[in-house]
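> Just the structure for this:
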Amino acid sequence: MSGRIPQHFIDELVARADIAELIGTRVPLKKQGKEFKACCPFHGEKTPSFTVVPDKGFYHCFGCGAHGTALGFLMDHDHMSFVEAVEELAERVGLEVPREDNQTVRAPTPSEGLFGILDRACQLYSEELRNSQRGRDYFKSRGLTGDTAAKFSLGYAPDAWDFVLRHLAPSDAERMKLQQVGLVIQRENASGHYDRFRDRVMFPIRDARGRTIGFGGRVLDKGEPKYLNSPETELFHKGRELYGLYEARQASRTLTRLLVVEGYMDVVRLHQAGITYAVATLGTATTPEHLSRVFRICQEVVFCFDGDRAGRAAAWRALENSLSFMRDGRQIRFLFLPDGQDPDSLVGEEGKEAFEGRLDTALPLSGYFLRHLQDQVDMTKPDGRARFRDLALPLLGRIPEGSFRDILSTEVNRSAQIDTGLVGANSSHSFAESFRDGSGGRAGRGSVVRQAIRTLVHYPQSAVQAPSSEQLEGIDRPGIPLLIELLNDLQENPCANTAALLERWRGRPDFDPLFRLASSEYPVDAGGAVRELNEALHKLFPERTGQRLDELLRKRTREGLTEAERTELQGFLSRPAPRADAPGHRT
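Numbers count the residues shown, from 1 in each chain. Purely as a prediction, here's the structure:
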């Protein structure tokens, strides 16, 4: 059925779901007080740090940071889409998913046959490989076995302009689907289409659920381009996907390390050698989306690059994109191979044990960071060391606060021969970076704005008894826009619990910070939450008056006031001064 799922239904669904029961069918849970504990299903660990909080409706891992509601768990653990997760959860609680009417014309969705036609193409290419001596000879020359070819569903696209068209497109509708997924190209100056992949060995690219979403094709002779990928489609985004990730997760449900290489053949040959945690980017630099996916699975990443100039450039881009992900407990290392070698050839020569020995000696991110920047300057001279520190400072600012940044900052100062303590990074004024939870940040309750937001996260219904947010407008404090939006949303559309509130923020920048607030301790009951929220808001309201007064006084001196502004200013000045102990008194 088409149409948008109403938000009120998602709120009700998440509020009614028994998250402990749902997760307990997939992960052994042990009750501890009001919560449940387990070893995290998203990263390998021996000491349980995965917590399920039934009364708030969410889970959180204090080891890897994984978190979510019942819907989020189905999406992350069972690799479902959002709609599939909603339908699965609705079936569990006995609800029918409603849909809002949508009369506008919309593009076909992936569920309307696109996955199916890609899977059929994958089968077609695999069958052709079995029938093609040319394709089989190529893979044999690269040292691959039939079992490996079957595991990765490798195939062959023959040297024909209409191979896929003849087998998979009996109608115009099917041809349009083939064009949507990038398997055929429309002719520029004539009607009709032609196959994108011709005389190439084929590497199917799969999503987390094992569905084919695109292809990589390698030319057999000296044609160009050597590797040809599917274009960007509604199913395939090369900046998000990692080749071999599905196969790696099939090989081990508790991956502790991922090895990121550059080529399809590197991944396939490494898996054949028993290094089944190898994945590859798809002809692009490592992106934040790649890293976000990786660190939801494990806490250690080794990047493997050729030792030439192109390899070093790719490694540095990977490091720059990795800095914002370097939280305490995570490891990123870099392995540079000998000249003329790649993972495919090297593992073939020396085998699994020797290759993994190289991984164990890979350069940690901190070592590569320092070495690369030192190579840019003359560290024997004061101006060179100053330049080194200038290059390092903005990069250090990208690293989240914590032990790793402190230690690396100290190393930068030591290398620059500066004894000034830790390098400070400019603080951001965004809400997402202005608070820390109790597990790793500053102690205490934080700002008044943070207190108000935390109260709303733990007790969304407290907003119903709170004053309007109008008096917050214009206050210049981190987090004020989010606080206003939370109050307005919850007063207009109240929701039952924390999980329902969090689901409304899914996919937005404040989603993760709100989850961390939800995971922090808040030993207050519902009545106390109402009192705390009102107290926090009444501390903030006078700030708007003070800021507006300052603004009017500055404008009167600078350019003069309108009649309405003079009246407003007179009203401010005629009010009695607040007592020194009054809430919000400005000193």
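> pretty sure V27 is touching K37, no?
No. V27 is beyond contact range of K37, at 10.2 Å (criterion: CB atoms under 8 Å). To be clear about C-beta, it is placed using only N, CA and C from the backbone, and glycine gets the same treatment.
> Nearest residue to G239 in space, please, no chain neighbours.
Distances taken as CB to CB, 6 or more residues apart in numbering place T287 nearest to G239, at 4.5 Å, with adjacent residues excluded.
> so what pLDDT did that neighbour get?
If you check T287, the pLDDT there is 88.
> Identify the contacts common to V27 and K37.
F50 (CB atoms under 8 Å, 6 or more residues apart in numbering).
> how about S49, what does it touch?
39-40, 61-63.
> Reformat those as TSV; add distance to Q250, secondary structure and pLDDT.
Below are the contacts of S49 laid out as TSV (distance: CB to CB, whole Å; DSSP: H, G, I helix; E, B strand; the rest coil; pLDDT from 0 to 100):
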residue	distance to Q250	secondary structure	pLDDT
C39	20	coil	92
C40	19	coil	91
C61	22	strand	90
F62	28	coil	87
G63	23	coil	85
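> Start from the N-terminal end of the stretch 351-500 of the chain and give the helices.
Counting by DSSP state H, counting those that start in this stretch, one finds helices in the stretch 351-500 of the chain at the ranges 365-374, 382-396, 403-415, 431-434, 448-458, 480-492, 498-504.
> now the angle between helix 365-374 and the third one, please.
Between the axes of helix 403-415 and helix 365-374, defined by axes from the mean of the first three to the mean of the last three CA atoms, to 10 degrees, the angle is 30 degrees.
> tell me what helix 403-415 is packed against?
helix 365-374, helix 382-396 (3 or more CB pairs under 8 Å, 6 or more residues apart in numbering; DSSP states H and E).
> How about the last one?
Counting contacts by 3+ CB pairs under 8 Å, 6+ apart, helix 498-504 is packed against helix 7-16, strand 58-61, helix 448-458, helix 511-519.
> So, low pLDDT: which residues of this structure?
Applying pLDDT under 70 to the chain flags the ranges 1-3, 101-112, 253, 419-446, 474, 542-552, 565, 568-569, 571-587.
> in stretch 296-305, what counts as buried?
297-305 (16 or more other CB atoms under 10 Å).
> Sorry, wrong one. I was asking about stretch 339-358.
Quick answer for stretch 339-358 (16+ other CB under 10 Å): 342-347, 355, 358.
> Just name the closest of those residues to I475, please.
Distance to I475 across the buried residues of stretch 339-358 (CB to CB) is lowest for P343, with 55.0 Å.
> what's the burial count for the closest residue to that closest one other than its chain neighbours?
Counting by CB to CB, 6+ apart, P343 lies nearest to D266, which is 4.1 Å off, once chain neighbours are set aside. D266 has 24 neighbours, counted by other CB atoms under 10 Å.
> Helix, strand, or coil at D266?
helix (DSSP: H, G, I helix; E, B strand; the rest coil).
> In CSV: the contacts of S49, plus distance to K151.
What follows is the contacts of S49, written out as CSV (distance: CB to CB, whole Å):
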residue, distance to K151
C39, 28
C40, 27
C61, 30
F62, 36
G63, 31
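> what ranges do the helices span in the stretch 101-250 of the chain?
Assigned by DSSP H, counting those that start in this stretch, the stretch 101-250 of the chain shows helices spanning 114-131, 133-141, 146-151, 163-168, 172-180, 245-251.
> Output those helices as CSV; include the columns distance to L337 and mean neighbour count.
Formatted as CSV, the helices of the stretch 101-250 of the chain follow (distance: least, CB to CB, whole Å; neighbours: other CB atoms under 10 Å):
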stretch, distance to L337, mean neighbour count
helix 114-131, 29, 19
helix 133-141, 21, 15
helix 146-151, 21, 14
helix 163-168, 36, 18
helix 172-180, 38, 16
helix 245-251, 20, 19
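> And these: which comes nearest R218?
helix 133-141 (8.3 Å).
> any idea of the angle the closest one forms with helix 114-131?
With the same axes, to 10 degrees as the basis, helix 133-141 and helix 114-131 are set at 90 degrees to each other.
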